[in-house]
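Undergrad: Okay, sequence plus prediction incoming.
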Amino acid sequence: MCLAVPTLVKSIDDHEALVEIGGVSRKISIWLTPEVKVGDYVLLHTGFAISVIDQEAAEETLRLFEEMALEDDG
């Protein structure tokens with residue numbers, strides 16, 4: 001099973017993007033998603049953006065991840 005996490009694209013430099021999730025930033029490859037723009041959400045898997053998703057879906061997924069983490073904490 002694979003997990004892809006929605007991340008927000010903050011900047012783009014050639015075939016790399018700076019993304020942010022939960023206050024953490026990192027550079028990722030956007031070779032697989034050349035259509036991505038600053039402000040888009042992408043699904044991040046193993047350092048690669050694998051698809052662009054809409055903001056509503058990204059925020060709902062992140063909300064569910066947060067809810068699962070809170071339940072796991074007890």
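TA: That came in fine, so what should we check first?
Undergrad: Check what contacts the top strand by length along the chain and list those residues.
TA: As far as residue count goes, and with DSSP state E defining each element, the longest strand of the chain is strand 5-13. With contact meaning CB atoms under 8 Å, 6 or more residues apart in numbering, strand 5-13 is reached by 17-21, 25, 28, 30, 36-45, 49, 53, 57-59, 61-62, 65. To be clear about C-beta, it is placed using only N, CA and C from the backbone, and glycine gets the same treatment.
Undergrad: what separates stretch 24-43 from the chain centre, distance-wise?
TA: The offset between the C-alpha centroid of stretch 24-43 and the centroid of the whole chain comes to 7 Å, using CA atoms, centre = their mean, to the nearest Å.
Undergrad: Outside of that stretch itself, list whatever touches it.
TA: Contacts made with stretch 24-43 from outside it, assessed by CB under 8 Å, 6+ apart, are listed as 4-12, 15-19, 44, 47-55, 57-58.
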